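Enquirer: generate a structure from the sequence data that follows.
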Amino acid sequence: MAPFNEKDTKLYRNDVASGGRTLSASERERLLQSYLPAPTSHTPETNPQSASQPARRKSRGHKRRVRPFLKAKLHFVIFFLIQLVFGIYIRLRQIYHATVYRLLAIRHYHHRTPEYIQRDVQNLDRIPEHLSVILKFKTEEDGGLEALMDEVAELCAWSAAAGIPLLSVYERSGILKTYMSPLQELVRQKLVSYFGPPPVAPSLRVFAPNHPSISPSRTPSPHIQPQLADGSDGRRPHLDLFLLSATDGRDTLVDLTRTLAEMAQAHKIDPKDITSNLINAEISATTAVHSPRTQNGHKPAGKEVEAGEPDLVIVFGPTVKLDGYPPWQIRLSEIYCVGDSGGDVSGSGSTRVEYQAFLRALWRYAGAKFNFGR
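Expert: Numbering: from 1, shown residues only. Modelled structure (predicted):
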């Protein structure tokens, strides 16, 4: 823009001083016309690219708002379809298993008769010498402690009828250990209801780590019995019930570590002698079941039972959850999970103890193939 010359400047100032009465509007335009820059704006007809720029910006802004919305809706639809398909599959599987297991329960029911249980397991190639089960403490709505103890009593009766000499029950809280005497009495009544009164009913011994064992009083040895009146074999069946809890896992290792450390500091044991074999022997000693002695102080003939590693572990639940089970006792154990049969069709995840689940676990154990590597 060129500077104003002296004449035009004087005319402009006089017009301003007079309040715009000296020059008219057209004269003022002509005065400033020579000093204005050339016009650079174009009409839409002359520059179509500049006219389309606002439309493009508007279209881009619209796409930025629509695409995330459509993507979110697409993800929601895909998630809903996946959830629907798997939900239908799980429900159909639960219905199928519930139907099959109910039919199996009708076909194979014990009727509180040991002969029926023996008939169901007589063709099995092997029976576990040590059976372990994992149970959960139920809420008061599901029966609480009474329901838990009744399940343990039922398992004891089934195990005794199937010829299993040792049954260990794992319950995380350890509440069964505080009721060992009532539990022993309840199990004894359950055995009598199945087998009949003594001496037909199996003898029972209930024990737990770091707890004194509870055996029936004034009864002969479970391994040596006199001949019965009917001339049958006087050998009376015997069942050992072993109670485990979460404290038997972690706390046992802590106590053993503390004891060995104190003995090493007191120079009662050489630290080099603390080996894996020693630790294994000490841990096994806490769960050992020694055969009862006769009146003359000698052990009866027969195999000595030890509560070591169980041959079979039954998890009464929908998933395999050991829930703090002592790890050194299940290194070589066969683990069987009840699965969907432990809950109803609604998938509540109940842990009911049923005979057909117990029987299926024995069938699976009999048909399992064991590969012991080095």
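Enquirer: when you work out contacts or count neighbours from here on, use the C-alpha atoms and nothing else.
Expert: Fine.
Enquirer: which ones are touching T113?
Expert: Y194, F195 (C-alpha atoms under 8 Å, 6 or more residues apart in numbering).
Enquirer: ranges for the strands of the stretch 1-150 of the chain?
Expert: Assigned by DSSP state E, counting those that start in this stretch, the stretch 1-150 of the chain shows strands spanning 130-135.
Enquirer: what of the stretch 201-350 of the chain?
Expert: Along the stretch 201-350 of the chain, counting by DSSP E, counting those that start in this stretch, strands occupy 203-208, 211-214, 238-244, 312-315, 334-337.
Enquirer: which stretch in these has the least confidence?
Expert: The minimum mean pLDDT among the strands of the stretch 201-350 of the chain belongs to strand 211-214 (a mean of 70).
Enquirer: circling back: which one of the strands of the stretch 201-350 of the chain lies closest to K138?
Expert: Taking C-alpha to C-alpha, strand 312-315 is the member of those nearest to K138, at 15.0 Å.
Enquirer: and that closest one, what other elements does it pack with?
Expert: Here strand 312-315 touches strand 130-135, strand 334-337, helix 355-367, going by 3 or more C-alpha pairs under 8 Å, 6 or more residues apart in numbering; DSSP states H and E.
Enquirer: neighbouring contacts of the first one?
Expert: Residues external to strand 130-135 that are found in contact with it (C-alpha under 8 Å, 6+ apart): 148, 164-171, 307, 309-316, 322, 351.
Enquirer: just name the most buried of the helices and strands packed on strand 312-315.
Expert: Ranked by mean neighbour count under mean count of other C-alpha atoms under 10 Å, the helices and strands packed on strand 312-315 are led by strand 130-135, which reaches a mean of 23.
Enquirer: starting at the chain centroid, how far to that one?
Expert: Distance, stretch centre to chain centre, for strand 130-135: 16 Å (C-alpha atoms, centre = their mean, to the nearest Å).
Enquirer: before we move on, what about stretch 196-209?
Expert: On the basis of C-alpha atoms, centre = their mean, stretch 196-209 sits 33 Å off its chain's mean C-alpha point.
Enquirer: centroid residue for this protein?
Expert: Closest residue to the average C-alpha location of the chain: K321 at 3.8 Å, with C-alpha atoms, centre = their mean.
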